[in-house]
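S.K.: here is my input, please return the structure:
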Amino acid sequence: MRCALVTGGSRGIGRAICQKLAEDLQYHILINYQGNEAAARETLALVEEAGATGEIIRFDVGDLTKVQEALQSWSEKHPDAVVEVIVNNAGITRDGLLMWMEPDDWSSVLRTSLDGFYHVTRFFIQKLLRNRYGRIINMVSVSGVKGTAGQVNYSAAKAGIVGATKALAQEVAKRNITVNAVAPGFIRTDMTEGMDEKELVKLIPANRFGEVEEVADLVCFLASKKAGYITGEVININGGIYS
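M.R.: Just a heads-up that it's a prediction; the model follows:
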């Protein structure tokens, strides 16, 4: 059984990625979620509608023990399964100016994005190396590439993953494993719902917010065999806002 794991796969960009990997690459999709089981089940229904199989798997990516317990338990139940694709998509925001940023606002954002990348990827990396094939795609952000005021914590977490992506790509390239990052700009999701779209669109050369399906198409391409010679890259998908 060929599998793809998407962390934070229950809603938004994560959900669109689960659907697209199911539709285009026919993977068995592991939909990770932390709290919203109903949303995760909705994503699973969409995966099945696309003609693929999947299951939901609950753990907090920022908690090493929980990650190991959940993934170990899943691996033992599915000894013949091979996870070929990992999409590190889980992330949270706790925006605010640094001078007012509480320690927990800093640590929880770094724990989810940066530690989450480490916990999940490290669990699978030896298996990918043994199989001599893999696709690791890390969801970062325009904030991690150019920095965004009011998001020092989020920018730091995503910039950390950019550095990790470039380094890990060099460690595993000989084994036919690619590691890339995708950096979305303003994409229409729950996270951007409260934003003043009319004002923000003025900053975007393409004159609109992006759609989750557009991000999912890019991720799906990077997860495919067609992208075997692309590694260590950060691909911006932002309508020209930062290029």
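S.K.: now the helices for the chain?
M.R.: With helices called from DSSP state H, the chain shows them at 12-25, 37-49, 64-77, 103-110, 116-131, 142-146, 152-172, 197-200, 212-223.
S.K.: out of the ones you listed, nearest to Ala206?
M.R.: Taking C-beta to C-beta, helix 212-223 is the member of the helices of the chain nearest to Ala206, at 10.5 Å. Where you see a C-beta, it was placed from the backbone N, CA and C, and this is true even at glycine.
S.K.: and that closest one, what does it pack onto?
M.R.: Where contact means 3 or more C-beta pairs under 8 Å, 6 or more residues apart in numbering; DSSP states H and E, helix 212-223 is packed against helix 12-25, strand 82-88, strand 134-139, strand 177-184, strand 234-237.
S.K.: with only the CA atoms kept, save the longest one in CSV.
M.R.: What follows is helix 12-25, C-alpha atoms only, in CSV (Å, rounded to 0.1, in the frame of the first residue of the first chain):
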residue,chain,number,x,y,z
GLY,A,12,-8.0,24.6,4.2
ILE,A,13,-4.9,24.0,2.2
GLY,A,14,-4.3,20.6,3.9
ARG,A,15,-7.7,19.3,2.8
ALA,A,16,-7.2,20.4,-0.8
ILE,A,17,-3.8,18.6,-0.8
CYS,A,18,-5.4,15.4,0.5
GLN,A,19,-8.0,15.5,-2.3
LYS,A,20,-5.5,16.3,-5.0
LEU,A,21,-3.0,13.5,-4.0
ALA,A,22,-6.0,11.1,-3.9
GLU,A,23,-7.3,12.3,-7.3
ASP,A,24,-4.1,12.6,-9.3
LEU,A,25,-1.7,10.1,-7.7
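S.K.: with respect to Gly240, which of the helices of the chain lies nearest?
M.R.: helix 142-146 (11.0 Å).
S.K.: looking at the helices and strands packed on helix 212-223, which is closest to Gly150?
M.R.: Gly150 sits nearest to strand 177-184 of all the helices and strands packed on helix 212-223, at 17.5 Å, using C-beta to C-beta.
S.K.: just checking: what are the partner strands of that closest one?
M.R.: strand 134-139 (parallel), strand 234-237 (parallel) (DSSP bridges).
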